[in-house]
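J.: requesting a structural model of the entry that follows:
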Amino acid sequence: MANQPQQCESTAVSLYVALELSAQEWLLTITTALSARRLRVRVAPSAWRTLAAVFERAKRQLDVPVDTPVRSCYEAGREAFWPHRCLTQLGIRNVVVDSSSIEVNRRARQAKTDRLDGEHLVGQLIRYWRGDRTVWRVVQVPSREQEDARQGSRGLTAVQEARTRYRNQLQGLLTTHGVVGRVRLDARFPERLARTVDWAGESLPPGVRERLLQTWRLLQAVDTERATARRAERAAARPPAAGTVPTPVQCLAQLRGVAARSATILTTELFCRDLRNRREVGALTGLVPTPYRSGTLVRERGVAPGGIAAVRRVAVDLAWGWIRYQPTSTLTQWYHRRFGHGGAVARRMGIVAVARKLIIALWRYVTQGILPEGALLKG
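T.: Numbering: from 1, shown residues only. As a prediction, this is how the structure comes out:
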């Protein structure tokens, strides 16, 4: 997520609409000014085609010209970006708001309803279009092609998580019934299960065996999908043919210590965005410091918990691999000089710094063609 500054426009005559989205209905809070009358309209999500008629009726009720521009907003959530594309298709200037950046009351207990949320959101929308760009953070909406390109990588991540879950279920169920040692979960698992005994030397009960085989069959299906997805991902990261322009994934995969999986996640989740500087890259990675300075009190609270979790995990893994496979890199030598002689805690702190610097260097490599200083390519 990133703040996308836009030109401040005149708000003399505008219709402001805040949408509270839910599975059953959308609540529209409509007004023309901070102190003006509010209209509240409820529509079904499937009735988005009627929004144009709703806005025309609201203009008549609020006594504004028919050609009054409409400005809308909603919080990023489960619906993602299709409401934004729908509103844009109707000729409406819409912004998708990062919900974690919205101002909230700091009192411990307060009322919360869709009506109050709509009131609060439409007031901030008016402030935003009047030029207060600090009122919230606006989400950068990807194109349909960019959003579709992420599905393969995210699907493989979901399959890997399911694989880990099923394997843990199998080993946990075996341990629960007193099976000593780990049982290999390969294609011969049914044969091994028939010979497996519990702590008393007795065969496992039939209900337990049936549940284990059921989970094992699910694991086999997940393993098949995982293998297929990994082959496709590795094929996309192979070096290009002579005379062809390499893709960002292929560029990253040519570096030592960067696997196809890491290159795919960085390209589809981070480098495909319109990032303007290294600060935006670091913020999306989530590896930026959060200092606390108030009067004479100075404290460092660690890295910010924001950013894209998948990119942050890949960044830390890449940093450890970079130290190992890129010994001549300037970044590796800086790490050894600064943190190499410290303890385990110092090295872990240093690897976070390496991760942030490395992601910025890789971003420059993909977007500007600047190879990280001292980095080596694969043979």
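
J.: which residue is nearest the middle of the protein?
T.: residue 308 (4.3 Å; Cα atoms, centre = their mean).

J.: mind listing what it touches?
T.: 269-270, 284-286 (Cβ atoms under 8 Å, 6 or more residues apart in numbering). In this view, the C-beta of every residue, glycine as well, is placed from N, C-alpha and C.

J.: could you report the pLDDT at the closest residue in space to residue 38 that isn't next to it in sequence?
T.: Taking Cβ to Cβ, 6 or more residues apart in numbering, and ignoring the residues beside it in sequence, residue 38 has residue 31 as its nearest neighbour in space, at 5.0 Å. With respect to pLDDT, residue 31 scores 94.

J.: residue 31: neighbour count?
T.: Number of residues near residue 31 (other Cβ atoms under 10 Å) recorded here: 24.

J.: then residue 260?
T.: The number of residues packed near residue 260 is 19, by other Cβ under 10 Å.

J.: so who does it touch?
T.: 233-234, 236-237, 249, 253.

J.: tell me how far it lies from residue 84.
T.: 32 Å (Cβ to Cβ, to the nearest Å).

J.: can you tell me which of the contacts of residue 260 lies nearest to residue 204?
T.: residue 233 (37.9 Å; Cβ to Cβ).

J.: how about the helix or strand the closest one falls within: buried residues?
T.: With the criterion set as DSSP states H and E, the secondary-structure element containing residue 233 is helix 206-236. Neighbour counts over helix 206-236 (16 or more other Cβ atoms under 10 Å) mark 208-209, 212, 215-216, 218-219, 222-223, 225-226, 229, 233, 236 as buried.

J.: and the next helix or strand past that helix?
T.: helix 248-253.

J.: for that following helix, packing partners?
T.: helix 260-266, helix 344-368 (3 or more Cβ pairs under 8 Å, 6 or more residues apart in numbering; DSSP states H and E).

J.: can you redo those as TSV with mean pLDDT and distance to residue 15?
T.: Shown next, in TSV, are the helices and strands packed on helix 248-253 (pLDDT from 0 to 100; distance: least, Cβ to Cβ, whole Å):
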stretch	mean pLDDT	distance to residue 15
helix 260-266	95	41
helix 344-368	93	39
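
J.: now render these as CSV, adding distance to residue 179.
T.: Below are these laid out as CSV (distance: least, Cβ to Cβ, whole Å):
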stretch, distance to residue 179
helix 260-266, 33
helix 344-368, 35
